[in-house]
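[1] got a sequence here, can you model it:
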Amino acid sequence: MAKKIAKEVSVAVAEAVAQCNVDVISAYPITPQTHIVEHLAELVNNGELDAEYIPVESEHAAMSACIGAAATGARTFTSTSSQGLLLMYENLYIAPALRLPIVMALVNRSVSAPISIWNDHSDVMSMRDAGWIHTFAENGQEAVDLIYHAYKVAEKTLLPVAVNIDGFILSHVVEPIEFLDQTLLDKFLPPLKMKYKLDPKKPITIGAIGVPEIYTEAKKAQDEALKASYKTIVQAWKDFEKLSGRKYLPVETYQMEDAEVGLVIMGSLAENAMNAVDLLRTKGKKVGVVRIRLWRPFPMKDFIKAIGKVKALCVVDRAVSHAATGGPVGIEVRSALYQSNKRPRVLNLIAGLSGRDVTKEDFVEIFEKTFETLAKKPSTPYEIYGVKE
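    Now for the predicted structure:
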């Protein structure tokens, strides 16, 4: 069995990227993802990683360079956060449309204003519809494993993958990490060989204009490709489990077998929620947690199965969709339920904005509020939790 090593999660993510034998890294530093690209720059500078590191002048240029590099068949990596992601925005839509297998570590951070360097999911939710595959890590080990998985999936599906890692809560903590043995990883992730790529010896056109006669068909093809990636994503996790013994699913559950009330969440706060479940279970409360690991493509069937026979659900969002019918995850959950025959009461709370703590005690209170919905329907589509009056 491989030995666990204490590592800052950002450094561990960088070393996982290096293990994947990337050819090109292009990124611009922004808190809290900076330590990832700093460490990769050190590895390249020290000759420990044979890759091209492109120190660009902005995140827009970083994604542009990744697109260009990936189009030539290079294994490519970038990382960003918050406003940096927004500066990439124009190119975020181009990467999946051109079917380029770029991997991004998206270290989640609030979007300004007010200026905030702390964690929530407002950045990732802004690129929800860009066409990327999205996975969420709950701890450092998962962040590393999801990087390995991301390259496998990206290169099988020819779609970009964003691995979401909560800023500071995960990125800046030291955790015990078990890296995959290099020989096993090389077997899991063979060298990238793209059938269609930019090559002066065999010139092709990539990214030509989409006139009205073909644009709709191009978008339909892109949508079908993202939906079809589900099978590859799941199979890659199964293959990874055989190598590492670590199992991942699109939707994972905790104590949901007989739960009457469930809580839906993504990212690192799920671990606090599970601690609250343990406490409430000692008091006879039948509660559980549903953790969405795969955000896009949204695993609707897995989600409907995961909620079991709950009478009420609380969806905890980490981002605001201003004046909408809920937070981004809340809207997604209600839409999924509407397409099923399950009708639990849904309470949608927005919590943990800009790194505000959501403690075990908070989750106990959230579960209690969800139990109250069994007797009285929520009066508003969503509520921002913990606002100081």
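
[2] check contacts around Phe168.
    Taking C-beta atoms under 8 Å, 6 or more residues apart in numbering, we find Phe168 in contact with 32, 118-119, 355. For the C-beta atoms, the positions are set from N, CA and C on the backbone; glycine is no exception.

[3] next: Asp120.
    Residues in contact with Asp120 (C-beta under 8 Å, 6+ apart) are 108-110, 318-319, 352-355.

[4] what's the helix or strand for it?
    In the assignment (DSSP states H and E), Asp120 maps to no helix and no strand.

[5] per-residue confidence for it?
    Here the pLDDT value assigned to Asp120 is 98.

[6] one more: Met1?
    According to the prediction, Met1 has pLDDT 61.

[7] in this structure, which helix is the longest?
    The residue-count maximum for a helix in the chain (DSSP state H) belongs to helix 212-244.

[8] thinking again about what came up before, now flag whichever of the contacts of Asp120 is closest to Trp132.
    Ranked by distance to Trp132 (C-beta to C-beta), those are led by Asn108 at 14.0 Å.

[9] that closest one against His121, yeah?
    Yes - between Asn108 and His121 there is a contact under C-beta atoms under 8 Å: 5.5 Å.

[10] mutual contacts of the two, please.
    With C-beta under 8 Å, 6+ apart as the test, Asn108 and His121 both reach 164, 267, 318.

[11] among these, which one sits closest to Ala225?
    Asn164 (20.8 Å).

[12] distance of the closest one from Leu106?
    5 Å (C-beta to C-beta, to the nearest Å).

[13] about what we covered before: in strands, which of the shared contacts of Asn108 and His121 fall?
    Of these, the ones assigned to strands by DSSP state E are Asn164.

[14] returning to that earlier point: can I get the contacts of Phe168 in a markdown table including neighbour count and distance to Ile214?
    Formatted as a markdown table, the contacts of Phe168 follow (neighbours: other C-beta atoms under 10 Å; distance: C-beta to C-beta, whole Å):
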| residue | neighbour count | distance to Ile214 |
| --- | --- | --- |
| Pro32 | 24 | 41 |
| Trp118 | 19 | 44 |
| Asn119 | 30 | 41 |
| Gly355 | 17 | 45 |
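
[15] about what we covered before: tell me which of Asn108 and His121 has more neighbours.
    Between Asn108 and His121, counted using other C-beta atoms under 10 Å, the more crowded position is Asn108 (33 against 29).

[16] quick check: phi and psi on that one?
    Torsion angles at Asn108 (phi, psi; degrees, to the nearest 10) stand at phi -60, psi 130.

[17] from the shared contacts of Asn108 and His121, pick the one nearest Leu374.
    Comparing the shared contacts of Asn108 and His121 against Leu374 with C-beta to C-beta places Arg318 closest, at 25.1 Å.

[18] now for that closest one, how many residues are close by?
    27.

[19] same question, Arg334
    Neighbour count for Arg334, taken as other C-beta under 10 Å: 16.

[20] give me the spatial nearest neighbour of it, chain neighbours excluded.
    Computed as C-beta to C-beta, 6 or more residues apart in numbering, the closest residue to Arg334 that is not its neighbour in sequence is Val346, at 5.9 Å.
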